[in-house]
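Engineer: No letters, just coordinates:
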């Protein structure tokens, strides 16, 4: 039901939530009462609805808590703190030393980034979501396989739980990006969705009938190490000719270097200002939810 609230353009009503979810008005009323009681939702006021009683306008209470998002990429770790209205009051980005990618090294960077953005909000943190490259077991928080760092069966959630007092939720970039699109992006108004991620690694998140599809082994969409070119370019996984070796960010760079070694796109660039010193960009107002759903494809 909270998805329907987030999908609304800033605020909504019990009647609109019932229409969007297909739940009965009585069921919606009971659930809204619980969310109001715990402070997750707030009533903003009333509006006339023609015939009948005025409708209470509902919105997420931004100050009810804080959520932390951690994007663990192969070359950097980006950490955001969100209020419940999905504004970003603080964020930071920490580079990853390519010579120090052992699990303990990465844990130190994650904890440092979280400590920096939490500041005085430690008591408000409701949970932390972490996007971890490679194949992840979300039930246990284990990094099953991360080819870029040569990780195998690393109990990352357990290591972090020894340092952090918050609930932790781990998944990999395609599935984390797809979950975000389902709640806040292109997936809010569709039943079927494909999200393509092209970074140092590549992958696909799949949504069928409004649900994130994982497959039996949680490897649905893990196509980055499918063979594309027989005896082709060496991949980070140790094999040759994988999709990732050609269509990931490093793969595209390697192809450009082969075709045009003098390309200005290959020249070093001045890094942008550190996110630590920059305010978060303004967030766009969410559009209202359409009445009909349709398939969609997005990229991240």
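Structural biologist: Okay, I see it. It should be emphasised that the depicted structure is a prediction, and the values quoted were computed from it without experimental measurement. Numbers count the residues shown, from 1 in each chain.
Engineer: State whether residue 28 is indeed within a helix.
Structural biologist: Yes: the assignment for residue 28 by DSSP: H, G, I helix; E, B strand; the rest coil puts it in a helix.
Engineer: where do the strands sit along the stretch 151-300 of the chain?
Structural biologist: With DSSP state E, counting those that start in this stretch applied, the stretch 151-300 of the chain shows strands at 151-154, 168-171, 193-198, 202-208, 211-213, 296-299, listed in chain order.
Engineer: What about the closest residue in space to residue 202 that isn't next to it in sequence, how many residues nearby?
Structural biologist: Nearest residue to residue 202 in three dimensions, chain neighbours excluded: residue 224, at 4.3 Å (Cβ to Cβ, 6 or more residues apart in numbering). Using the backbone N, CA and C atoms, a C-beta is placed for each residue, glycine as well. Residue crowding around residue 224 was assessed by other Cβ atoms under 10 Å; the count is 26.
Engineer: correct me, but residue 224 touches residue 249?
Structural biologist: No: Residue 224 is not in contact with residue 249 according to Cβ atoms under 8 Å; the separation is 12.0 Å.
Engineer: just to revisit the earlier point, could you measure from the residue nearest to residue 202 over to residue 119?
Structural biologist: For residue 224, the distance to residue 119 equals 36 Å [Cβ to Cβ, to the nearest Å].
Engineer: Report the residue ranges of every domain in this protein.
Structural biologist: When the chain is parsed into structural domains using automatic domain parsing, the resulting residue ranges are 2-60, 64-171, 180-266.
Engineer: Same list (the ones you listed) but as CSV, adding mean pLDDT.
Structural biologist: CSV is the format used below for these (pLDDT from 0 to 100):
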stretch, mean pLDDT
domain 2-60, 85
domain 64-171, 94
domain 180-266, 91
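Engineer: picking that back up, list the contacts for the residue nearest to residue 202?
Structural biologist: With contacts defined as Cβ atoms under 8 Å, 6 or more residues apart in numbering, the neighbours of residue 224 are 201-203, 242-244, 248.
Engineer: most neighbours, which of those residues?
Structural biologist: The most crowded member of these is residue 203, carrying 29 neighbours; neighbours defined as other Cβ under 10 Å.
Engineer: coming back round to it: closest one to residue 267 among the strands of the stretch 151-300 of the chain?
Structural biologist: Proximity to residue 267 (Cβ to Cβ) singles out strand 193-198 among these, at 21.4 Å.
Engineer: Please identify which of the strands of the stretch 151-300 of the chain is closest to residue 35.
Structural biologist: The minimum distance between residue 35 and the strands of the stretch 151-300 of the chain falls on strand 168-171, with 20.3 Å, by Cβ to Cβ.
Engineer: Filter the contacts of residue 224 down to just the ones in helices.
Structural biologist: Taking DSSP state H, the ones among those that sit in helices are residue 244.
Engineer: which pair in the contacts of residue 224 spans the largest distance?
Structural biologist: Greatest spatial distance among those (Cβ to Cβ): 203 and 242, at 12.1 Å.
Engineer: Could I get the full set of helices for the chain?
Structural biologist: Shown for the chain, the helices assigned by DSSP H span residues 2-7, 14-21, 25-37, 103-118, 156-161, 173-184, 244-247, 249-259.
Engineer: Which among these is found nearest to residue 134?
Structural biologist: Distance to residue 134, taken as Cβ to Cβ, is lowest for helix 173-184 among the helices of the chain, at 9.1 Å.
Engineer: Next, the buried residues of the closest one.
Structural biologist: Neighbour counts using 16 or more other Cβ atoms under 10 Å place 173-182 of helix 173-184 among the buried residues.
Engineer: And for residue 103, the neighbour number?
Structural biologist: A count of nearby residues for residue 103, using other Cβ under 10 Å, gives 16.
Engineer: Now it. Nearest residue, chain neighbours left out?
Structural biologist: Once chain neighbours are set aside, the closest to residue 103 by Cβ to Cβ, 6+ apart is residue 154, at 4.9 Å.
Engineer: Tell me the spacing between that neighbour and residue 240.
Structural biologist: As judged by Cβ to Cβ, residue 154 and residue 240 stand 25 Å apart.
Engineer: Repeat that for residue 189.
Structural biologist: When distances are taken as Cβ to Cβ, residue 189 and residue 240 turn out to be 42 Å apart.
Engineer: who's more crowded, those two?
Structural biologist: Between residue 189 and residue 240, counting by other Cβ under 10 Å, residue 189 is the more crowded of the two (18 against 15).
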